[in-house]
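Peer 1: here is my input; please provide its structure:
(chains A and B)
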Protein chains: 2
Amino acid sequence: MERRTGHEAFQHHSNPPDLLHSFLTTMRTLLLALAFLPLAVLATAQQSQLNLMPMPSTVQMGTGQLAITQSFSVVVAGAHDVSLDRGVERFVAQLSAQTGIPFRAKPGAANAALSVHVDRGREAIQKLGENESYELTISETGAKLTAPTPLGALYGLQTFLQLVQPSATSFAVPAVTIKDQPRFPWRGLLIDVSRHFIPLDVLKRNVDGMAAVKMNVLHWHLSDDQGFRVESKKFPKLHEMGSEGLYYTQSEIREFIAYAHDRGIRVVPEFDTPGHSRSWFAGYPELASGPGPFQVNAEGPDAVTDPTQENTYKFLDKFVDEMAKLFPDAYFHIGGDEVNGKFWDANPKIQAFIHAHGMKNNQDLQAYYNQRLQKILTKHHKLMLGWDEILHPDLPKTIIIQSWRGQESLATAAKQGYSGLLSFGYYLDLMWPAARHYAVDPMSGAAATLSPEEKGRILGGEACMWAEWVTPENIDSHIWPRNGVVAERLWSPQDVINSDSMYARLNALSLHLESLGLTHRSARMHMLHRMAGTEDISSLRVLADVVEPVKDYNRWDDAKGPIDFHSPLTRMIDAVYPESDVARRFGNLVQAYIQSGFKDQAAEAQIRTYLTTWRDNDAKLHPLLELSFLLHEATPLSENLAALGAAGLLALDYLDKSRPSSESWRAEQLALVDRAKARNADVLLVVAPPVQQLIEASANPARPN
Amino acid sequence: MERRTGHEAFQHHSNPPDLLHSFLTTMRTLLLALAFLPLAVLATAQQSQLNLMPMPSTVQMGTGQLAITQSFSVVVAGAHDVSLDRGVERFVAQLSAQTGIPFRAKPGAANAALSVHVDRGREAIQKLGENESYELTISETGAKLTAPTPLGALYGLQTFLQLVQPSATSFAVPAVTIKDQPRFPWRGLLIDVSRHFIPLDVLKRNVDGMAAVKMNVLHWHLSDDQGFRVESKKFPKLHEMGSEGLYYTQSEIREFIAYAHDRGIRVVPEFDTPGHSRSWFAGYPELASGPGPFQVNAEGPDAVTDPTQENTYKFLDKFVDEMAKLFPDAYFHIGGDEVNGKFWDANPKIQAFIHAHGMKNNQDLQAYYNQRLQKILTKHHKLMLGWDEILHPDLPKTIIIQSWRGQESLATAAKQGYSGLLSFGYYLDLMWPAARHYAVDPMSGAAATLSPEEKGRILGGEACMWAEWVTPENIDSHIWPRNGVVAERLWSPQDVINSDSMYARLNALSLHLESLGLTHRSARMHMLHRMAGTEDISSLRVLADVVEPVKDYNRWDDAKGPIDFHSPLTRMIDAVYPESDVARRFGNLVQAYIQSGFKDQAAEAQIRTYLTTWRDNDAKLHPLLELSFLLHEATPLSENLAALGAAGLLALDYLDKSRPSSESWRAEQLALVDRAKARNADVLLVVAPPVQQLIEASANPARPN
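Peer 2: All right, here's what the predicted structure looks like:
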């Protein structure tokens, strides 16, 4: 599931989502909804103006609204549960922060506006598949939240928070009845803390964001070639020599797990082995299958674990013993991906071992290793989880396969009786637009043909935030708000797929997340200010608003050599959003204008405003680009944006006058568009394609409507 | 120094600073500088492009710059001091955050780019008047910071951080030699945590801001009628019944004092007595001079302490004993302001006491009280500090008078041999523009006529953040960046008074402060989003950018009755900046345009852009104003802004055509301007006066240049 060797597995798409396709999909969805869906689901489709993400499974609108006033309070009934009590406390604090209202009433007041009832308390250790459903009923006089377990109640509180809006008379939530439960029981986010260390306060705010979108698993990628991030008391050289001093102590880990547990989130640790494990060898080179010395964050020899030595298993037994106690979750992720066979090939003793044991190849050796490791996990009461490559018939059916390769390997596993999770299509580091992640369904493709029983083995999925190109400063903007659409895909009914509705709700979610403490928006401003060194960055924002990072693994230019994980991530590509809202809106306007037969004057006026701003921006921005070394590389981008603005305005002039543009003029302009589409400073000027559409449309301005 | 009864003492000025006056002042300063000042100070005036605030006492520019690269490191020599070590650690972390560079070198490297040398370690308890000077020399090859004490070194590190800018080749600091020391030894900020409780994390980030502008005293206004905020183990009903649960524990206080000490900041506690002390009486009504019951944050009877009972002094003796141990600073602020005599008048026993002791009036009784209290403080090794009213010849000369009434009472005290601090003119809650605070000098007015010895008794001053109208959410924007100009007044040479330079540097400081964690800018965006409930708030920002809160005590309309300290502070007035940068810039443009004889086309173009935006903004904003109850009240503001925009554009048209406007047209427009100047939603449309200037100028467009 890594990028180092695995990037061939991905196609390179850097186009914005196909708008026509999106429109047709929307129409199809609506027609389907009207024709076939039960009333409750129809309500869902209609009520997409509710700013909820993920969309609940059923929504029934009522009449009126419940005002949120200073006398608002919550009463909790039913089973007593401390994590629910704390959840309600956080809910009230967050509601107060959102509305700015210092509530007067003490919690538990008799006439509480919101009553919460749960049937039973929580499991001490959160389990896969616990009941997460809830019902939330809001009327003009009060709100009631009921759930079998505190988990459901916690989700219901998140739904309530997302419903709060200022109305004409007060803050309020609309009268509504919501019955909700997740589609999949495993809804995760992987955060890689090895390539760049991510401090706990940053992880905590991301856990808050996960809770807001009803995700329930933090997959903590704790070790990789570039860093081993957990204190080990049994093998202290793991963190001492494998982390450059950047690791979590065991007491910090315990506190963090409790923090996540309080929010209904399981923490699943991953210690990647036998590949991706150079950081282990910095302190314990004897585990490696090749010669050292090994250092983290330095380009010394790579290696993989040697599975032929008994000492390896003794080490792992003690190590798993320690970590199994530290991490209470039932699952233990052993990685298992991208084992580079050349290290085993090069070691005669390992090759001798393969022959002596009648194995055919390195894959068999890895299977042997995984079987040994699986027995160790079982001894320490853990269930194994690993990437695609660990799938092997000799392993028990209790293991879970996490697919970075696609629905096909998921389906293969399910047919063989193995449970699986989808991560293919949910790699947030690939800089895809939200709509592209949103279109990926665990049950589509090869998985769609599975039997119901086999389908039942697909437990959900995980978004993945690999950390080659993120720092604590910009990781939030690489995860959010896009992670919300993966969360929705895994929580909401399969037919919730309208991407216009998704984008409208994603915008609202983005705002909501900042009020929870995420920094995905504010960090961009801070970084742009740093680049400019000045207070007024309006012209820099104009440019930053219309570019996106290159997609997939295109930043990683092999010609540039290996990544220097110590280098600053302070360039334009590091600051800008993975997806440009402005470009999407501009594209939509151009689409609407063209589809109206060039008659939509409101759209045209807005298009002109954008184009004029872009045309005139370079003159303003240019002096800034000269001043700062961090901005030099943006010079061609700024010039190209000005050229696009000018070309687009000329195309509009042709269309306004219903006079076709000449072929030679168009050829000239399209050459310019091609230049503007090229990668500069590792970012893409994503407004080039809709400007191209305008230029092409100018060939035939009198097209009948 | 309070607003409840004291607001007659202030004049109500809500005009923007007089620009012509400012211009003349600038010219005068420059001429004076050229004519009379030594070379070093001349350099200061010339180098105002260095983004330093406060401006150092001498600045000598060198050639070239020192690059800040990944190999940057600091070495500390001379006396060893743990708080300096921690200061250097924070410095490196902040430099890394500012530049985004993860430094490679370990601190203390042999070839360190910055070497720091101090002669001696710090006092365990920071003292008034410790040497705070430093010298910072930066060349192309390295930087050297020397200081007699770690305090000076900490200030020098702050200066270094403010000098960092992106250059054409890298981040860098300019080659420069700075010799710096403060003008006054007491440079404080008062934060009232009684009217609204301010949590420690908010105080901490404000302490970081204070350190950045070289302030050295946090005056912690810990008790007032509305809340007693310190845990008392001897008198637990003080915090239990006097704080509604919002108070600091003693261990939190100790930790906070250590935090401030690390940053070179003394913490001086204030327990206001005998007035402003209802919160004491909630738990201990027997201390009061009138009947209870007393409650905080409720409009019950007010009262002042009864100075005629011996039990009062027994209580104070035990209380001061406890607090003297908790707060290590040599000074203890006893308040002493605004004692409402009616409570003593109404108590026959108190009146009998006055007569029996041969006192003439309530003032004599307060002096008696202060003398008793002063003896208690002395017993517990504390020096007394209090507001103007405590000045009385029977008190020893060791006390310090803090003047909220003006330089005159400061001069009076100095003549009598008492030391003093100025706070008059530095009340940040009055919503004055920075330039108005900047113009207030402790040595001006009556103080200017003092003898050198008497002048020596003026120790400095304190900005004051009274908390009737601030919450943890918006307190930063009420303190910052304006507090920077008070800090500069108290640190920099008296002749550093150019307000254009000040505003340029204040803008840079504002940006720098956000990178330190202050939220004075980001909170406004969050609050505007809350008001609108939508993601796109561009039109709301246009309005928010050109209004300011009403000034002085004008928000506090007695007709509205007492302030409800529980009510939400979520209105436009709470969100907007105390001073509008846009209005100041627009005013400057209008000034330049008029002074050019209407020939400055660049200025006119910018004026037109502003006016057009304002004219067209109401149409965009209006739908939002309808939707949200928090925005309804802004409707007339938005309409008036549109009218101002339209009127200003018409005036420009007259001027462009060199055709005088008619008197009737002007009368009509000026009536409109008058409406626009009126208070609406408790804010002022501060672009009205420059628009008025344009309208008036249109009477005579052919004015010779």
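Peer 1: what does the pLDDT read for residue A:104?
Peer 2: Per-residue pLDDT puts residue A:104 at 80.
Peer 1: so what's the most centrally placed residue in chain A closest to, chain neighbours aside?
Peer 2: Per C-alpha atoms, centre = their mean, the C-alpha nearest to the average position across chain A is that of residue A:483, at 3.2 Å. Closest residue to residue A:483 apart from its sequence neighbours, by C-beta to C-beta, 6 or more residues apart in numbering or on different chains: residue A:463 at 5.1 Å. Quick note: C-beta positions are derived from backbone N, CA and C, even for glycine.
Peer 1: just the pLDDT for the closest residue to chain B within the stretch 351-500 of chain A.
Peer 2: Here the stretch 351-500 of chain A gets closest to chain B at one residue, residue A:473, 7.0 Å apart by C-beta to the nearest C-beta. With respect to pLDDT, residue A:473 scores 97.
Peer 1: before we move on, what SS does it have?
Peer 2: For residue A:473, the assignment made with DSSP: H, G, I helix; E, B strand; the rest coil gives coil.
Peer 1: which residues does it contact?
Peer 2: A:523, A:526, A:527, A:569, B:97, B:100 (C-beta atoms under 8 Å, 6 or more residues apart in numbering or on different chains).
Peer 1: and for residue A:240?
Peer 2: Counting by C-beta under 8 Å, 6+ apart, residue A:240 touches residue A:283.
Peer 1: so it versus residue A:279, what's the distance?
Peer 2: With the distance defined as C-beta to C-beta, to the nearest Å, residue A:240 ends up 11 Å from residue A:279.
Peer 1: contacting residues around the residue of the stretch 601-705 of chain A found nearest chain B?
Peer 2: Of all residues in the stretch 601-705 of chain A, residue A:628 sits closest to chain B, at 4.0 Å by C-beta to the nearest C-beta. Residues in contact with residue A:628 (C-beta under 8 Å, 6+ apart) are A:531, A:532, A:533, B:166, B:167, B:168.
Peer 1: swap the cut-off to 6 Å and go again
Peer 2: By C-beta atoms under 6 Å, 6 or more residues apart in numbering or on different chains, the residues touching residue A:628 are A:531, A:533, B:166.
Peer 1: right, and the last one touches residue A:533 too?
Peer 2: If I follow you right, that is residue B:166. Yes: shown here, residue B:166 and residue A:533 form a contact pair, counting by C-beta atoms under 6 Å, at 4.4 Å.
Peer 1: tell me the residues of chain A that contact chain B?
Peer 2: A:100-102, A:165-166, A:168-170, A:507, A:511, A:522, A:529, A:533, A:535, A:566, A:568, A:570, A:628-630 (C-beta under 6 Å from any C-beta of the partner chain).
Peer 1: now, of these, which are buried?
Peer 2: Buried members of the residues of chain A next to chain B, counted by 16 or more other C-beta atoms under 10 Å in any protein chain shown: A:100-101, A:165-166, A:170, A:507, A:511, A:522, A:529, A:533, A:535, A:568, A:570, A:628, A:630.
Peer 1: and the helices in the stretch 151-300 of chain A?
Peer 2: A:200-212, A:237-242, A:250-262, A:278-283 (DSSP state H, counting those that start in this stretch).
Peer 1: what's the answer for the stretch 351-500 of chain A, then?
Peer 2: Under DSSP H, counting those that start in this stretch, the stretch 351-500 of chain A gives helices at A:362-379, A:407-415, A:434-438, A:452-455, A:475-479, A:483-491, A:499-515.
Peer 1: turn these into TSV, columns for distance to residue A:340.
Peer 2: Below are these laid out as TSV (distance: least, C-beta to C-beta, whole Å):
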stretch	distance to residue A:340
helix A:362-379	9
helix A:407-415	20
helix A:434-438	29
helix A:452-455	32
helix A:475-479	27
helix A:483-491	29
helix A:499-515	38
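Peer 1: thinking again about what came up before, in strands only, show me the residues of chain A next to chain B.
Peer 2: A:165, A:166 (DSSP state E).
Peer 1: so which of the helices of the stretch 351-500 of chain A gets nearest residue B:63?
Peer 2: helix A:475-479 (39.9 Å; C-beta to C-beta).
Peer 1: before we move on, the earlier item: single out the most deeply packed of the helices of the stretch 351-500 of chain A.
Peer 2: helix A:483-491 (a mean of 28; mean count of other C-beta atoms under 10 Å in any protein chain shown).
Peer 1: outside of that one, which residues touch it?
Peer 2: Against helix A:483-491 from outside (C-beta under 6 Å, 6+ apart): A:53-54, A:182, A:184, A:187, A:213-215, A:426, A:434, A:437-438, A:460-461, A:463, A:506, A:509.
Peer 1: and if you look at stretch A:391-407?
Peer 2: Contacts of stretch A:391-407 (C-beta under 6 Å, 6+ apart): A:1, A:9, A:367, A:371, A:374, A:383-385, A:387-388, A:409-410, A:413, A:417-424, A:445-447.
Peer 1: and residue A:653, how far from residue A:688?
Peer 2: In terms of C-beta to C-beta, residue A:653 sits 19 Å off from residue A:688.
Peer 1: oh sorry, the question was meant for residue A:575
Peer 2: From residue A:575 to residue A:688 the distance is 20 Å (C-beta to C-beta).
Peer 1: the more surrounded of the two?
Peer 2: Shown here are residue A:575 and residue A:688; by other C-beta atoms under 10 Å in any protein chain shown, residue A:575 has more neighbours (27 against 24).
Peer 1: quick one: contacts for the more buried one?
Peer 2: With C-beta under 6 Å, 6+ apart, residue A:575 has these contacts: A:524, A:527, A:528.
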